[in-house]
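1. I would like to see how this sequence folds:
(2 chains)
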Amino acid sequence: MSQFFASPVRDASSALRDYFVPANAPFSCLVKAGESVRIVDLEGQQAVDTLFYKADDFSERYSSQDTLRVQGSAYVSTGTKLISSEGNVMLTVTADTCGRHDTSAGACSCEANTVRFGHQVKYLHACRENFVIEVAKHGMTKRDIVPNINFFMNVPVEPTGELAIVDGISGPGDYVELRAEMDVLLVISNCPQINNPCNGFNPTPIQVLVFGAED
Amino acid sequence: MTVSVETQKFIEENRRRYEALKAAGQQHAPKALPGPTPRGTLLPEGAAIHAETIPGGWYWSTPLKAGEALRIHLAHGPAAVSMIAWSASDASERLNYADTVKVQWTSALGKGRVLFSDMGRVMFSLIEDTTGMHDALVGGSTPASNRARYGETVLRNTRDNFILEALKLGLDKRDIPPALTFFAPVRTDADGNFRWIDGARQQGDFVDLRAEMDLTVALSNCPHPMDPAPDYAPPPVEAIRFKAPAPAADDLCRTATIEAVRGFENNAR
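-> Presented below is the predicted three-dimensional model:
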């Protein structure tokens, strides 16, 4: 567990909804404006690939480039406003015990895995498979999948422009919490990648908690 | 956290495979990339198919067949050109900046690099490039970025240009992927803050992008949101579609890295 805790920390038992997401699995749920969603890395070093769509118009969705442009820097952490393709604030990161999350490197896919690791890894489960299955439940298709946020994934961007996916820095119980500024559909792929260090070579479960608006 | 013997074995097997793959990849040492193309390099005689002058603030889209190339040329002064692209046969396959930077381990794209689709295939080769200073992370201008930058005036922007191009092609907003912006010299500092590198582009700069599959390409000639120039005054840019020289067996873009080699193997399947 990291040293830094956001304060005040709401007890998990006060959550309106409490979901357990098994290792390797997709997940989605609605988060209403004013509610907060907490994503907990239960065992540590688990990348959580995450997308957001406006609940009543899925054509407005999370935009990594708008988010980075508005913020002026490359990493997601406390205070980051997640910006939509229409320039609206979707959610605000209100707590983060980990410290740094990526939104430049996108999700793993069977196809990109062949390029990165060799054709022999083609038939291994990947985030894009999870995303396609999960967005299809909501009437969307592959064209609706955009570059996502990778919570608990550490991708330093060097001043030379070089980047690398390095060992995850999250420990068991680390979490990130976001307040929804509009009604959003949250879509997660609990990353199944076993070909690089982003999941410590061992994908593990996560927990998703939704809290009511604070007074 | 304690893990079972089986889990520990699973972790060790995965780590061992990763180390083996990494070692295999590193045996195929990346070729040293050659540095920028000299300004003033002419197209091969008779290669040009079509030349378009894109006015400042405007857009242009074009089909680009495999083996053709597009020269984007700052013939009239410094400008920035944002680009998105789709496979001509399936618009759900499109330029993927995230895979492009992740797979090649860098956001600094220049001569010798390739641009990937979301399907692990190569869409473009960067066969010539006079600057190597482009933006893959921040994206093009939007109504909001223009308001923040220039105040409450109505100015043309890349987001709206891409909407116009997509809809004229029978696509819609959902088909617009994040953009790459050529001649937008954006890098990060040690803390991850974006900064603009002054003086990294000038009149005469160009990139040559060779299509590696049949494509539909959309361009937007609008100032990059981080461009420090005080006024909104984009000059025209020249876009020339031309017949690219046939790639030789040792073609730089096709052989520079093991990742590019595998990407081209996917194109051939």
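2. now do residue B:163 against chain A, distance only.
-> Noted for residue B:163: a distance of 10 Å to chain A, by C-beta to the nearest C-beta, to the nearest Å. Heads up, the C-betas are built off the backbone N, CA and C, glycines and all.
3. specify the local secondary structure of that residue.
-> Recorded secondary structure, residue B:163: helix (DSSP: H, G, I helix; E, B strand; the rest coil).
4. and for it, nearest residue in space, chain neighbours not counted?
-> Nearest residue to residue B:163, sequence neighbours excluded (C-beta to C-beta, 6 or more residues apart in numbering or on different chains): residue B:173, at 6.0 Å.
5. likewise residue B:267?
-> Spatial nearest neighbour of residue B:267, chain neighbours left out: residue B:121 (4.9 Å); criterion: C-beta to C-beta, 6+ apart.
6. ok, the one you found touching residue B:266?
-> Yes: under the criterion of C-beta atoms under 8 Å, residue B:121 makes contact with residue B:266 at 4.9 Å.
7. could I get the contacting residues of residue B:171?
-> Neighbouring residues of residue B:171 by C-beta atoms under 8 Å, 6 or more residues apart in numbering or on different chains: B:86, B:91.
8. and the gap between residue A:144 and chain B?
-> 6 Å.
9. in chain A, which spans are strands?
-> Using DSSP state E, the strands found in chain A span residues A:17-21, A:26-31, A:36-41, A:48-54, A:75-76, A:81-83, A:89-96, A:101-102, A:149-151, A:174-180, A:184-190, A:206-211.
10. for these, which one sits closest to chain B?
-> Proximity to chain B, assessed across the strands of chain A by C-beta to the nearest C-beta, is greatest for strand A:75-76 (5.1 Å).
11. list the neighbouring strands of that closest one plus their orientation.
-> The pairing partners recorded for strand A:75-76 under DSSP bridges are strand A:101-102 (antiparallel).
12. picking that back up, with mean pLDDT added, can I get the strands of chain A in CSV?
-> Formatted as CSV, the strands of chain A follow (pLDDT from 0 to 100):
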stretch, mean pLDDT
strand A:17-21, 98
strand A:26-31, 98
strand A:36-41, 98
strand A:48-54, 98
strand A:75-76, 96
strand A:81-83, 98
strand A:89-96, 97
strand A:101-102, 95
strand A:149-151, 97
strand A:174-180, 97
strand A:184-190, 98
strand A:206-211, 98
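13. look up the closest residue to the spatially most central residue of chain A, ignoring the ones flanking it.
-> Closest to where the C-alpha atoms of chain A average out (C-alpha atoms, centre = their mean) is residue A:50, at 3.1 Å. Counting by C-beta to C-beta, 6+ apart, residue A:50 lies nearest to residue A:149, which is 4.8 Å off, once chain neighbours are set aside.
14. surely that neighbour touches residue A:104?
-> No: the pair residue A:149 / residue A:104 is not scored as a contact, 9.9 Å apart, by C-beta under 8 Å.
15. joint contacts of these two?
-> With C-beta under 8 Å, 6+ apart as the test, residue A:149 and residue A:104 both reach residue A:64.
16. what number of residues lie near residue B:4?
-> Neighbours of residue B:4 under the rule other C-beta atoms under 10 Å in any protein chain shown: 8.
17. how close does it get to residue B:11?
-> 11 Å (C-beta to C-beta, to the nearest Å).
18. what segments of the chain are helices?
-> Using chain A here. A:64-71, A:110-117, A:127-136 (DSSP state H).
19. my question was about chain B
-> Counting by DSSP H, chain B has helices at residues B:5-27, B:97-103, B:143-150, B:158-168, B:252-255, B:258-268.
20. tell me which of the ones you listed sits nearest to residue A:88.
-> Minimum separation from residue A:88 across these (C-beta to C-beta) falls at helix B:143-150, 8.8 Å.
21. TSV for the helices of chain B, including mean pLDDT and mean neighbour count?
-> What follows is the helices of chain B, written out as TSV (pLDDT from 0 to 100; neighbours: other C-beta atoms under 10 Å in any protein chain shown):
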stretch	mean pLDDT	mean neighbour count
helix B:5-27	84	13
helix B:97-103	95	26
helix B:143-150	96	18
helix B:158-168	98	20
helix B:252-255	96	20
helix B:258-268	97	19
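22. ok, and the closest non-adjacent residue to residue B:158?
-> Distances taken as C-beta to C-beta, 6+ apart place residue B:140 nearest to residue B:158, at 3.0 Å, with adjacent residues excluded.
23. that neighbour touches residue B:156, doesn't it?
-> No: if you go by C-beta under 8 Å, residue B:140 and residue B:156 don't touch, sitting 11.2 Å apart.
24. make TSV out of the helices of chain A and add mean pLDDT.
-> Formatted as TSV, these follow (pLDDT from 0 to 100):
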stretch	mean pLDDT
helix A:64-71	98
helix A:110-117	96
helix A:127-136	98
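25. pretty sure residue B:83 is touching residue B:216, no?
-> No: counting by C-beta under 8 Å, residue B:83 sits too far from residue B:216 to count as a contact (11.4 Å).
26. tell me which of those two has more neighbours.
-> More neighbours surround residue B:83 than the other of residue B:83 and residue B:216, with 23 against 20 (other C-beta under 10 Å).
27. report the contact partners of the more buried one.
-> B:72, B:95, B:179, B:180, B:181, B:182, B:217, B:218, B:219, B:220.
28. beta-bridge partners for it, please?
-> residue B:180, residue B:219.
29. circling back to that earlier point, how many residues are close by the residue nearest to residue B:267?
-> For residue B:121, using other C-beta under 10 Å, the count is 23.
30. pretty sure residue B:97 is touching residue B:178, no?
-> Yes: with contact defined as C-beta under 8 Å, residue B:97 counts as touching residue B:178 (5.1 Å).
31. and the closest residue in space to residue B:196 that isn't next to it in sequence, how many residues sit next to it?
-> With sequence-adjacent residues excluded and distances taken as C-beta to C-beta, 6+ apart, residue B:196 is closest to residue B:226, at 4.7 Å. By the criterion of other C-beta under 10 Å, residue B:226 has 20 neighbours.
32. what about residue B:226? Give its phi and psi, please.
-> phi -100, psi 0 (degrees, to the nearest 10).
33. quick revisit: for the residue nearest to residue B:267, give me the pLDDT.
-> Residue B:121 carries a pLDDT score of 98 in this model.
34. just give the nearest non-adjacent residue to residue A:151, would you?
-> Of all residues not flanking residue A:151 in the chain, residue A:48 sits nearest, at 4.2 Å (C-beta to C-beta, 6+ apart).
35. number of residues surrounding the one you found?
-> 26.
36. list the contacts for it?
-> Residues in contact with residue A:48 (C-beta under 8 Å, 6+ apart) are A:39, A:41, A:150, A:151, A:152, A:188, A:189, A:190, A:191, A:206.
37. of those - the most surrounded one?
-> Compared across these, residue A:189 has the highest neighbour count, 31 neighbours, by other C-beta under 10 Å.
38. which stretches of chain B form strands?
-> For chain B, the strands defined by DSSP E cover B:48-54, B:59-64, B:68-73, B:81-87, B:114-116, B:122-129, B:180-182, B:186-188, B:194-196, B:206-211, B:215-220, B:237-243.
39. now these in JSON lines, with distance to residue A:211?
-> Converted to JSON lines, the strands of chain B look like this (distance: least, C-beta to C-beta, whole Å):
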{"stretch": "strand B:48-54", "distance to residue A:211": "49"}
{"stretch": "strand B:59-64", "distance to residue A:211": "44"}
{"stretch": "strand B:68-73", "distance to residue A:211": "49"}
{"stretch": "strand B:81-87", "distance to residue A:211": "38"}
{"stretch": "strand B:114-116", "distance to residue A:211": "39"}
{"stretch": "strand B:122-129", "distance to residue A:211": "43"}
{"stretch": "strand B:180-182", "distance to residue A:211": "39"}
{"stretch": "strand B:186-188", "distance to residue A:211": "33"}
{"stretch": "strand B:194-196", "distance to residue A:211": "33"}
{"stretch": "strand B:206-211", "distance to residue A:211": "48"}
{"stretch": "strand B:215-220", "distance to residue A:211": "41"}
{"stretch": "strand B:237-243", "distance to residue A:211": "50"}
